[in-house]
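# sequence plus predicted model, see below.
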Amino acid sequence: MLVKSADRTVQILEAFAAAGEPLGVAELARRLSIPVSACFGLVRTLEWRGYLYELGARKGWYPTLRWLQKARAVADRDPVLERVAPLLEDLCAASGETVVLARRSGKMVVYLDVLESDNPIRYSAQAGDRKPLHSSAAGKAVLGAMAPAEREAFLASLKLPRVTARTIVRRELLGKDLAAGARRGWYMTRGENVPDVHAIAVPARIDAETYAVVIAGPAHRFETSLKAHLAALLRARKAIEALR
């Protein structure tokens with residue numbers, strides 16, 4: 001369930017990020033598809049809290065650095081990422097592909113951290129992105145880590161929309177795919193969530209909770225390095241689960 005005021009506040013920040021320039025209240029309202037009066041109230045509230053400032057008459061508004069300062073303070077104290085980040089960086093460097101740390105959020109999986117490859121052609125994503133459980137490697141890893149009975153009950157209530165032409169949308173086929181992944185200890189998607197992107201993932205236990213660690217990249221490059229990627233991924237999981 002979305003809380004409108006909270007959702008609109010986030011949308012305002014995203015609108016400035018997308019625009020990359022000051023925006024007036026009317027333009028913000030248009031981008032958010034809300035009445036100008038409602039948008040003006042949000043803008044004034046954020047100004048009062050020190051998160052927006054007005055550049056002058058008809059020049060619009062722009063976010064202050066308070067957003068960045070608060071975000072840095074939060075990120076620097078993340079109880080999981082501050083320990084795991086160096087290992088994710090090592091995995092990204094070893095594989096040369098994009099690395100993701102994710103966790104289940106309801107019936108989706110949310111990316112907690114994304115380290116993008118330096119390759120010009122790469123899998124691109126952002127922290128905070130939400131992906132379907134059934135079509136993403138991270139989602140498969142989280143589902144596969146469930147006890148068989150729990151997984152079967154969960155899948156019975158999970159919708160399986162088609163994301164790409166290769167998405168598994170039949171429940172029995174998904175169940176078999178997850179069971180196979182559980183037996184071998186890792187999971188894979190081949191263009192099931194993003195066309196021409198392959199990914200492998202493993203579940204990792206951190207503070208008694210299940211996370212997913214992912215390597216993802218273009219299909220044409222990924223298959224030739226699959227064995228090396230898998231070896232690096234399994235080493236990373238071992239190191240992550242050894243953290244205290």
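Here it is on my side, so go on. Numbers count the residues shown, from 1 in each chain.
# mind listing what's buried along the least confident helix or strand in the chain by mean pLDDT?
In the chain, no helix or strand scores lower on mean pLDDT, DSSP states H and E than helix 66-76, which sits at a mean of 87. By neighbour count with 16 or more other CB atoms under 10 Å, helix 66-76 contains the buried residues Trp67. Backbone N, C-alpha and C define where each C-beta goes, glycine included.
# now do that helix: everything it contacts.
Helix 66-76 is contacted from outside by 13, 50-51, 81-82, using CB atoms under 8 Å, 6 or more residues apart in numbering.
# so this protein: which segments form each domain?
4-68, 78-241 (automatic domain parsing).
# what sits up against the helix or strand where Val100 lies?
Taking DSSP states H and E as the criterion, Val100 maps to strand 98-105. Strand 98-105 has contacts (CB under 8 Å, 6+ apart) with 80-81, 84, 88, 91-92, 109-117, 122-125, 130-131, 133, 136, 138-139, 142, 209-217.
# nearest residue to the residue nearest the centre of the chain in space, please, no chain neighbours.
Centroid check for the chain by CA atoms, centre = their mean gives Tyr111 as the closest residue, at 2.3 Å. Excluding the flanking residues, the one nearest Tyr111 by CB to CB, 6 or more residues apart in numbering is Asp129, at 4.5 Å.
# distance of the one you found from Gly175?
Distance, Asp129 to Gly175, by CB to CB, to the nearest Å: 26 Å.
# next SSE downstream of the strand holding Val100?
That would be, after strand 98-105 and using DSSP H and E, strand 108-115.
# export only the CA atoms of that following strand, formatted as CSV.
In CSV, the C-alpha atoms belonging to strand 108-115 read as follows (Å, rounded to 0.1, in the frame of the first residue of the first chain):
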residue,chain,number,x,y,z
MET,A,108,9.5,-8.9,-5.2
VAL,A,109,13.3,-8.7,-4.8
VAL,A,110,14.9,-5.4,-4.1
TYR,A,111,18.5,-4.5,-5.1
LEU,A,112,20.3,-3.2,-2.0
ASP,A,113,23.6,-2.5,-3.8
VAL,A,114,24.7,-2.5,-7.4
LEU,A,115,28.3,-2.3,-8.6
